[in-house]
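**Student:** with the input below, show me the fold.
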Amino acid sequence: MGLLKELAMLNLSNNLLTGPIPKSFGGLLGLSTLDLSYNTLPGEFPSQLTRLTRLSIFSVANNNLSGEIPDTTQFCTFNESSFSGNPNLNTQRKRCSTTLSSNVPTASSDNDGEDEDEDEGEEGLVDMTPAFYAFIALGYANGIWGALAFLCFGNKRGHACVRAMDAIVSRLFRAVCRKH
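**Tutor:** Predicted coordinates:
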């Protein structure tokens, strides 16, 4: 199975699988999802899984795994439920503690989400205000009406209609930008 380098998803959960996780799984380099939960897989957590750098969904919960969870950044991003139910697996991940605390919200957080609103604007994401949606709608309307103007009025009148619509959208955009 480790030769399937382009395999993107592998869900073997709830299959009563026994035996250790094959080291050859480290060759599944295209995996973005690996779910081996709810089986009876024993043995050490295979270090070869650290080669799966595309993983975004991962679970080995409720097996009989033991040893240490790799402290790579990738495995630090998965929450504790991905590893729970393995009594001999060390889930403390001491070296991951700074990464986990900054990436994964915990139920015992002291700030109760007070700082979350302050941090959201710093990520460079578009603020999804009603004005944003209005400009998206205006852009679509401008494109559709512009195409219809060319079809209905011909070249010269079509250009005039498109220029008029563009001027209106530009004035609206400048007016909204001044307010914010």
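
**Student:** what's the nearest residue to residue 44 if we skip its chain neighbours?
**Tutor:** Nearest residue to residue 44, sequence neighbours excluded (Cβ to Cβ, 6 or more residues apart in numbering): residue 67, at 4.0 Å. No exception for glycine: its C-beta is placed from N, CA and C like everyone else's.

**Student:** wasn't the one you found part of a strand?
**Tutor:** Yes: per DSSP: H, G, I helix; E, B strand; the rest coil, residue 67 lies within a strand segment.

**Student:** what does stretch 51-66 rub up against?
**Tutor:** 13, 21, 25-45, 74-75, 78, 81-89 (Cβ atoms under 8 Å, 6 or more residues apart in numbering).

**Student:** just those: which are in helices?
**Tutor:** When DSSP state H defines the helices, the subset of the contacts of stretch 51-66 inside them is 74-75.

**Student:** re the thing from before, contacting residues for the residue nearest to residue 44?
**Tutor:** Residues in contact with residue 67, defined by Cβ under 8 Å, 6+ apart, are 43-45, 88-90.

**Student:** for residue 139, same thing?
**Tutor:** With contact taken as Cβ under 8 Å, 6+ apart, residue 139 is in contact with residue 169.

**Student:** A helix includes it, no?
**Tutor:** Yes: judged by three-state DSSP, residue 139 forms part of a helix.

**Student:** ok, now how distant is it from residue 165?
**Tutor:** Taking Cβ to Cβ, to the nearest Å as the measure, residue 139 falls 11 Å from residue 165.

**Student:** kindly report the same for residue 159.
**Tutor:** Counting by Cβ to Cβ, the gap between residue 159 and residue 165 amounts to 11 Å.

**Student:** looking at these two, which has the bigger crowd around it?
**Tutor:** residue 165 (17 against 14; other Cβ atoms under 10 Å).

**Student:** the closest residue to the more buried one other than its chain neighbours: how many residues sit nearby?
**Tutor:** Leaving out its chain neighbours, the residue that sits closest to residue 165 by Cβ to Cβ, 6+ apart is residue 142, at 5.1 Å. Here the count is done by other Cβ under 10 Å, and residue 142 has 15 residues near it.

**Student:** residue 142 against residue 169, yeah?
**Tutor:** Yes: at 5.6 Å, residue 142 and residue 169 qualify as touching, with contact defined as Cβ atoms under 8 Å.

**Student:** my guess is residue 17 contacts residue 41. True?
**Tutor:** Yes: look at residue 17 against residue 41 with Cβ under 8 Å: they come within range, at 6.0 Å.

**Student:** for the residue nearest the centre of the chain, what are phi and psi?
**Tutor:** Nearest residue to the geometric centre of the chain (Cα atoms, centre = their mean): residue 56, 7.3 Å. Residue 56 adopts backbone torsions of phi -120, psi -20, taken as degrees, to the nearest 10.
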